[in-house]
Every structure is written in C-alpha cells, then in structure tokens.
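S.K.: One predicted model, sequence on top.
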Amino acid sequence: GATIGGDARFRGVMIAWHALFVDAKIEGSAEFWNVTIGEDAKFKIVFKGVASFEGVTIGGDARFAEVKTAKNVSFEGVKIGGSAEFWNVTIGEDANFRCAEIGGVASFEGVTIKGPVDFAFADADGLSLGKGKPTTIPTFRWSERGLANRCGITLRDLATAPEFWRFAQRMFEKEGERERADAAFYFSRLTRLSPWRVKREGTWKQQAVQILRRIGMLPGWLADCLFLRWPIGYGASLPRTIASWFVVLGGFTIVYATVPGALDGPRAALWSGANWAMALYSSVSVFVTLGMGAVQQTCPLGQTLIAVEGVLGALLMALTVAVVTRKFMR
C-alpha cells in the first residue's frame, strides 16, 4: 500500500526471503537494479514513469499481477529461478526482455504492450526457459481475425508480432509442444506479410506513401492467402488441407452439373442422380490427374475448367504430401 510521490531506486538491495510489493503506487520512475531476492517475489504496482528491473535475481517464483506502467519497462538480464507469471500487465510503451532467464513456467495472460517488444530470442543472448514444465500461453485459436490480439496477448505494434510469434515457436519446440509450435509459426506468417503492418500516421503525404506501400504488398499477400494460408494453413493445419480437397472437388462438381457446356455427353435432368454422379466422377478424375476416362470434352469452357482443376489438384496433392510428411516426421 505504499505511495511514493517521486522516483524510487532499489539498487543492489538484497532480500534473503520473500519480497512483496503489493498495491503500491510510484508517481515517478522506479529502478530495481541488481536486486537479489532469495525466495518468491510478487509485484502489484502502478508506475507513472519508467520501470526498470535490470539485473534482478529472484530465487523462487515471480508474479507480476496487474502491474501498470505509463512508459517503458525493462526486464533485461533478469534471472528467475522458478516460474514467471505476467497477469493483466499493461505496459504503456516499450518492453525489453533481452537476456532474461526463466527456470520454470513462463505465463503471459492478459498482457497489453502498446509499443515494440524486444525478446531477443537468438541462441546467444535470448530468453531461455527451463525444461521442467511446458511453457504456458493460453490455448491457441486458428482464427485470422485481429492480428494484434491473440491468446490473451495484445501487441499494439504489429511490427512486433512476427518477432514474438517466432520466439513463441522456438519456445514451444524446445518444450516439445509441437502443435503449439505449429500454431505460433502460423501466427508469425500471418503478420509477416500483412499489408496492415504498414502504419498510417504522420502528415497526409506520409500517409499517401504508406497507402501506396500497402497497395504494393497486396499481390504478394493475396498469393500467400490463396496458395499457403487458406488451403493448408502454412503447412501447419492438416484439417484445413483436407477441407480444401472437399472445397475444390465439391465446387467443380457443382459447376460440371449445373453450368451448360461445362461437361459433354448426354445430360439428364438438372437434379437427377445420374447427372450429379457423372459430374462427381469427372471432378474426381480430373482432380487426381487420372484424366477424363470415358468422358470426352470438346467445349472450350469445359476444357478450361478441366485444365484449372487439374492444376489445382496437382498443387494441392503435393502440398498435402508435404503437410502429412511434416506431421509424421514430428
């Protein structure tokens, strides 16, 4: 319940047992530099200025619950022997986790970071996690809505998102969480090629340039969606790959059965079983690149449709083999 009207400096402080900074308010900046805490530590503080936990060593667990800062926070060089929990933390500007070491579970729930985040996940100086329990991030959802807010983690700066999800992927792979690693890889690819990563800010001239940059990214983004994101989830989603088979087969079956000139040969009534059976047979034959078999096609429209479905079928089968192989190799 402490209230400090100005800055607070805890430099080189040594606490042998537990440390509790609960329901405190610091009007200025706070410096917890090279602080050593022998057991668990709990922080529930409102900072009006910069908060720095550089070089802090905590022997047990660390809990940062409902911590709010108006400016940036640095956890550079923090060493936590047990687990670290960040729950309902709001950071007004940047967040720095460079060279942090967490021995147990790392949990980020309800975290809001309004500026860039530096996780520095390279092997030489990255954030390392222990091999005890799996790293905890709330259940992944495969939704593509809201690039900035996923799994209880809000990153206001979309430029930060690819770096964070690549870090999460490496983290899960290290812990053996293969499905979550696939999901993290999927999210990193979502944000990497997104035109919306280009911000609209500044003068009208600067915004015009930013809009042109977005437009320039659209062809690559659209190709990425059509061939990698939507049909196979970047190789990370087998159900989506199987669903793509049914979409292509079903779509061309409907076209062959209902569009005049799409399929040669005697045509029964539009909704007759024979007509739909022939359309399905033709769609499957072309999709798996076996050819039209007994069905001859002379109409230009039908020939075009067959060519398109044949190419899509060949590509989708090749991608399916890659996805299935990747799953079995893991």
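M.R.: That came through, no problem. Numbering: from 1, shown residues only.

S.K.: what sits opposite Val73 in the beta ladder?
M.R.: Val73 has these beta-bridge partners by DSSP bridges: Ala51, Ala95.

S.K.: Local confidence estimate at it?
M.R.: We note a pLDDT of 92 for Val73 in this prediction.

S.K.: got it, and the one 10 residues further on?
M.R.: Per-residue confidence for Ser83 comes out at a pLDDT of 89.

S.K.: Equivalent analysis for Phe10, please.
M.R.: pLDDT at Phe10 comes out at 91.

S.K.: what's the neighbour count on it?
M.R.: For Phe10, the tally of surrounding residues (other C-beta atoms under 10 Å) stands at 16. In this view, the C-beta of every residue, glycine as well, is placed from N, C-alpha and C.

S.K.: list the contacts for Gly82?
M.R.: Residues counted as contacts of Gly82 (C-beta atoms under 8 Å, 6 or more residues apart in numbering) are 40, 58-62, 103-104.

S.K.: How about Met14?
M.R.: By C-beta under 8 Å, 6+ apart, the neighbours of Met14 are 35-36.

S.K.: Need the pLDDT of it.
M.R.: Met14 is assigned a predicted lDDT (pLDDT) of 95.

S.K.: Which strand residues bridge it?
M.R.: On the basis of DSSP bridges, Met14 is bridged to Thr36.

S.K.: if we can go back for a sec, out of the contacts of Gly82, which two sit at the greatest distance?
M.R.: Asp40 and Gly103 (12.8 Å; C-beta to C-beta).

S.K.: Any chance of TSV for the contacts of Gly82, columns neighbour count and secondary structure?
M.R.: Listed next are those as TSV, based on neighbours: other C-beta atoms under 10 Å; DSSP: H, G, I helix; E, B strand; the rest coil:
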residue	neighbour count	secondary structure
Asp40	19	coil
Ile58	24	strand
Gly59	20	coil
Gly60	18	coil
Asp61	20	coil
Ala62	26	strand
Gly103	20	coil
Gly104	20	coil
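
S.K.: just the helices in the protein please.
M.R.: For the chain, helices defined by DSSP state H occupy the ranges 161-175, 178-192, 204-224, 230-232, 238-258, 273-287, 300-329.

S.K.: Next up, the contacts around Ala65.
M.R.: Ala65 makes contacts with 42-44, 85, 87-89, as judged by C-beta under 8 Å, 6+ apart.

S.K.: cool, and Leu316?
M.R.: Counting by C-beta under 8 Å, 6+ apart, Leu316 touches 231, 241, 244-245, 248.

S.K.: possible to save the residues you listed as JSON lines with pLDDT?
M.R.: Below are the contacts of Leu316 laid out as JSON lines (pLDDT from 0 to 100):
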{"residue": "Pro231", "pLDDT": "87"}
{"residue": "Thr241", "pLDDT": "88"}
{"residue": "Ser244", "pLDDT": "92"}
{"residue": "Trp245", "pLDDT": "92"}
{"residue": "Val248", "pLDDT": "93"}
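
S.K.: Looking at the residues you listed, state which has the most neighbours.
M.R.: Taking other C-beta under 10 Å as the neighbour criterion, Pro231 ranks highest of those with 23 neighbours.

S.K.: surely that residue meets Met317?
M.R.: No. Applying C-beta atoms under 8 Å, one finds Pro231 not in contact with Met317, separated by 11.5 Å.

S.K.: For the nearest residue to Gly310 once chain neighbours are set aside, grab the count of nearby residues.
M.R.: For Gly310, ignoring the flanking residues on the chain, the nearest one in space by C-beta to C-beta, 6 or more residues apart in numbering is Val286 at 5.3 Å. Residues near Val286, counting by other C-beta under 10 Å, number 26.

S.K.: and the gap between Val286 and Lys327?
M.R.: Going from Val286 to Lys327 by C-beta to C-beta, to the nearest Å gives 27 Å.

S.K.: cool, Ala183 as well?
M.R.: Ala183 sits 14 Å away from Lys327, going by C-beta to C-beta.

S.K.: ditto for Gly81
M.R.: 36 Å.

S.K.: between these two, which one's more packed in?
M.R.: Higher neighbour count among Gly81 and Lys327: Gly81, with 20 against 14, using other C-beta under 10 Å.

S.K.: Fine by me, we can end here.
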